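> With the input below, show me the fold.
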Amino acid sequence: MSQLLIRADDLGYSKGVNYGIYESVKNGIINNVGVMINMPATKHGLDLLQGMDIDLGLHTNICAGRPLSDPQEIRSITDENGFFKASKVYRNAKADFVDLNEAIKEIEAQYQRFLKVVGRKPDYFEAHAIYSANFLKALEIVATKYDAALLPFNFDLDPVTFKSKTTIVTFMDSMKPNYDPLQTFKRALDYSKNCPENTVPMMVCHPGYLDQDIMTHSSLTIPRTQEVAFVCDPQTKAIVAQEKVKLVRYHELS
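Purely as a prediction, here's the structure:
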């Protein structure tokens, strides 16, 4: 039996994204969801998913919305209005401007908010959208402190070790031109048939519907709607059934 992990990122980004993720869980093949715990629409998204048998991860965010910490105490990652600096600021920076201790402070605040709101530890713990060596180091420090299941991240999508025994290989093409989620899914599935022992291919999705918040603040738009359609498509479900694919959840990995 092939194993494939499929994840939906960005719960809480906007109500449109929340509705798309809800559809993807209720009528699709998504069973792992990453939560942006600091966003105004987070409670709305969690309420939609209430009672659903899924894994929830902390999709740690320092580039969208307002921080949970006092902005004056984390000045390296916030702007003059108290919002996080946008992802394009990180992409255009010539050096890593993230202060390690400030990142730790905000990550801890988000971790504690997740525990309070969700009522349990995250099934996985990782980063949203941006690359910063200090941000990723801060994630490692907080994960070690709380024995959290950290999923490492790099923009090259190299294989990473999750927990102690599992290697995860990422398939994520939503930012590329002419994106077709079915083709990405098929590549991940082909890989799963011959991958080494204890290796799991992971397809990262960002399903959602488009609303004004997404159109104003996110560079990822149409692929979100494509992915809702893909994960709910009877053809996709038929492939999963015919190929006897086990849709893995993070808590099952070791």
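
> Can you report how many residues lie near the residue nearest to residue 18 when sequence neighbours are not counted?
Using CB to CB, 6 or more residues apart in numbering and skipping residues adjacent in sequence, the residue nearest residue 18 is residue 45, 3.7 Å away. Where you see a C-beta, it was placed from the backbone N, CA and C, and this is true even at glycine. Using other CB atoms under 10 Å, residue 45 is surrounded by 23 other residues.

> For residue 45, identify the helix or strand it belongs to.
Per DSSP states H and E, residue 45 falls inside helix 42-48.

> Just the buried positions in that helix, please.
Within helix 42-48, the residues that qualify as buried are 42, 44-46, 48, counting by 16 or more other CB atoms under 10 Å.

> Just give me how far it sits from the chain centre.
16 Å (CA atoms, centre = their mean, to the nearest Å).

> Mind checking the pLDDT average for that helix?
Helix 42-48 shows a mean pLDDT of 98 in the predicted model.

> Name the residues that touch that helix?
Where contact means CB atoms under 8 Å, 6 or more residues apart in numbering, the residues beyond helix 42-48 that reach it are 11-12, 15, 17-19, 21-22, 35-36, 117-118.

> In TSV, list these along with neighbour count.
Output for those, formatted as TSV (neighbours: other CB atoms under 10 Å):
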residue	neighbour count
11	30
12	26
15	19
17	30
18	26
19	18
21	34
22	25
35	27
36	24
117	12
118	16
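
> Buried residues, stretch 149-163. List them.
149-153, 160, 162.

> With stretch 230-237 instead?
So stretch 230-237, judged by 16+ other CB under 10 Å, has buried residues 230-233, 236.

> hang on, the earlier thing: among the contacts of helix 42-48, which lie within helices?
With DSSP state H as the criterion, helices contain 15, 17-19, 21-22, 117-118 from among these.

> Which parts of the stretch 1-150 of the chain are strands?
Assigned by DSSP state E, counting those that start in this stretch, the strands in the stretch 1-150 of the chain fall at 3-11, 32-35, 55-60, 124-127.
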